[in-house]
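Trainee: Sequence and computational prediction follow.
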Amino acid sequence: EAGVAQSPRYKIIEKRQSVAFWCNPISGHATLYWYQQILGQGPKLLIQFQNNGVVDDSQLPKDRFSAERLKGVDSTLKIQPAKLEDSAVYLCASTGRNEQFFGPGTRLTVL
Amino acid sequence: GEDVEQSLFLSVREGDSSVINCTYTDSSSTYLYWYKQEPGAGLQLLTYIFSNMDMKQDQRLTVLLNKKDKHLSLRIADTQTGDSAIYFCAVVTSGTYKYIFGTGTRLKVLA
């Protein structure tokens, strides 16, 4: 069974630029999550999708972050414009049968 | 809101047992998880326990749950240098599929 795929693995941008991350969950998993993990901390939920609907986006900074889940499968997370404090690892995860599986993450550095 | 606490560091000698502890606040948590994160990687699901269980054993891993004290522990028997990583505890409340993560415990195994 293929795992959760994410791309790119690394991204370096300057502040005020835009960036987008892509996630392909495990086939058949209805629930998809985007997390932000700052160095030394646990993952913090940004947004949770059930199929193509948003379940929870209460911690998503909506003035600069946006996310969509196309046709209930792939998802993209966008930051526009980026700030220095957005430097983190962005993790995508999907859930099936009470088990949540993570992708390898995208490490974002904002200069 | 829900809070999950872990100690930050643990150091053990190779061959000894490691015990990583976690406390949580939401008594309605239904599934409790342990994840392992190695440098530069996403989170790897190690094991999980349902709230109506006291103990679960999976090869070298033993999970103990004390619901009264809202305390979860992960015991790793015969700890190896490859077990050096950050270990995260996570809890899920029934019906939400929202995972709340602790800050992680960095396990260092000394040869």
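Mentor: That came through fine.
Trainee: From now on I want contacts and neighbour counts done on CA atoms only, so please keep to that.
Mentor: Noted.
Trainee: Which residues of chain A lie near chain B?
Mentor: Within reach of chain B by C-alpha under 8 Å from any C-alpha of the partner chain, chain A has these residues: A:40-45, A:48, A:91, A:98-105.
Trainee: change it to 7 Å
Mentor: By the rule C-alpha under 7 Å from any C-alpha of the partner chain, the part of chain A lying against chain B is A:41-43, A:101-105.
Trainee: ok, and the most crowded of those?
Mentor: With neighbours defined as other C-alpha atoms under 10 Å in any protein chain shown, the most crowded of the residues of chain A next to chain B is residue A:105; it has 30 neighbours.
Trainee: That one reaches residue B:42, doesn't it?
Mentor: Yes: using C-alpha atoms under 7 Å, residue A:105 makes contact with residue B:42 at a distance of 5.7 Å.
Trainee: Across the sheet, point out what pairs with the closest residue to residue A:43 other than its chain neighbours.
Mentor: Closest residue to residue A:43 apart from its sequence neighbours, by C-alpha to C-alpha, 6 or more residues apart in numbering or on different chains: residue A:37 at 4.5 Å. Beta-bridge pairing for residue A:37 (DSSP bridges): residue A:89.
Trainee: Rounded mean pLDDT for the helix or strand harbouring residue A:67, please.
Mentor: Using DSSP states H and E, residue A:67 sits in strand A:65-69. When pLDDT is averaged over strand A:65-69, the result is 96.
Trainee: Which residues are in contact with the residue nearest to residue B:42 when sequence neighbours are not counted?
Mentor: Distances taken as C-alpha to C-alpha, 6+ apart put residue A:104 closest to residue B:42, at 4.2 Å, once the chain neighbours are dropped. Residue A:104 sits next to A:6, A:91, B:41-42 when contact means C-alpha atoms under 7 Å, 6 or more residues apart in numbering or on different chains.
Trainee: where does residue A:104 land in three-state SS?
Mentor: Put simply, residue A:104 is coil when judged by DSSP: H, G, I helix; E, B strand; the rest coil.
Trainee: confidence score at it?
Mentor: At residue A:104, the pLDDT value in this model is 94.
Trainee: Please report the distance of it from residue B:56.
Mentor: Separation of residue A:104 from residue B:56 (C-alpha to C-alpha, to the nearest Å): 27 Å.
Trainee: Chain A contacts on chain B?
Mentor: Counting by C-alpha under 7 Å from any C-alpha, chain B sits next to chain A at B:41-45, B:101-104.
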